[in-house]
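**Q** generate coordinates for the sequence data below:
(one chain, ligands or ions: 1)
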Amino acid sequence: MHIHAYEKLWLALSIVLILALIGTVTYGAVGPGVAMVADSQSTVDPGALDEDDRFSEPRVEQVGENEYEAYVVAYQFGFEPTPIVVPANSTVTLHITSRDVIHGFGVAGTSANAMAVPGEVSEITVETDEPTEYGIVCNEYCGAGHHVMEGKINVVSQSEFEDRGGDSE
Ligand code: CUA
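**A** Modelled structure (predicted):
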């Protein structure tokens, strides 16, 4: 069979393009600095959050010097706890799940972003600096109240945080 030279060239080019596409997608999925929601994440029964040690009481707790863990539940249409109160100059790992449908968890003005998926626990770690306030926005369409779904992270001074007893209620 005779194949015209230009046809061969196009054939070769399209194969290169397909390989490049596969390469980019693979790199995007496993490349450095990119965390997939489902990757080595723990799971939770979304119907039984009230019996779960982590999420029955959404909260912020200290786990080390300047290290904190926050347990956050997204629901239609808000976040618990709200505000999420964390101390300044610390490392906070947020464990986020959803009570109902898929929600987003984006910290406004930062690159911190996660998905709140029922049944899954997403984890993001943030470093806090000075006392300030951040808005949390839901960036996944989740129903009629999606556009009003928001939360807050209040970064307070260490002493103010201790005065609150570490509790974010
Ligand atoms: Cu929750 Cu959009």
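**Q** how far does stretch 105-113 sit from its chain's centre?
**A** Stretch 105-113 sits 8 Å away from the centroid of its parent chain (CA atoms, centre = their mean, to the nearest Å).
**Q** any idea how far apart the tips of that stretch sit?
**A** End-to-end distance of stretch 105-113 (CA to CA, to the nearest Å): 6 Å.
**Q** just the C-alpha atoms of stretch 14-22, please, in CSV.
**A** What follows is stretch 14-22, C-alpha atoms only, in CSV (Å, rounded to 0.1, in the frame of the first residue of the first chain):
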residue,chain,number,x,y,z
SER,A,14,-1.2,13.0,15.4
ILE,A,15,0.4,10.1,17.2
VAL,A,16,2.8,12.6,18.8
LEU,A,17,-0.1,14.7,19.8
ILE,A,18,-1.9,11.8,21.4
LEU,A,19,1.2,10.8,23.3
ALA,A,20,1.7,14.4,24.5
LEU,A,21,-1.9,14.5,25.7
ILE,A,22,-1.6,11.3,27.6
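**Q** average pLDDT across it?
**A** Mean pLDDT, stretch 14-22: 84.
**Q** and what of stretch 80-100?
**A** Here the average pLDDT along stretch 80-100 is 96.
**Q** now it: buried residues?
**A** Within stretch 80-100, the residues scored as buried using 16 or more other CB atoms under 10 Å are 80-88, 90-92, 94-100. Bear in mind the C-beta positions are built from the backbone N, C-alpha and C, glycine included.
**Q** equivalent analysis for stretch 100-115, please.
**A** So stretch 100-115, judged by 16+ other CB under 10 Å, has buried residues Asp100, Val101, Ile102, His103, Gly104, Phe105, Gly106, Val107, Ala112, Ala114, Met115.
**Q** list of residues touching that stretch?
**A** Applying CB atoms under 8 Å, 6 or more residues apart in numbering, the external contacts of stretch 100-115 come out as 37, 46, 72, 74-76, 79, 94, 96, 116-118, 122-124, 126, 134-140, 142-143, 149, 153.
**Q** thanks a lot, see you next time.
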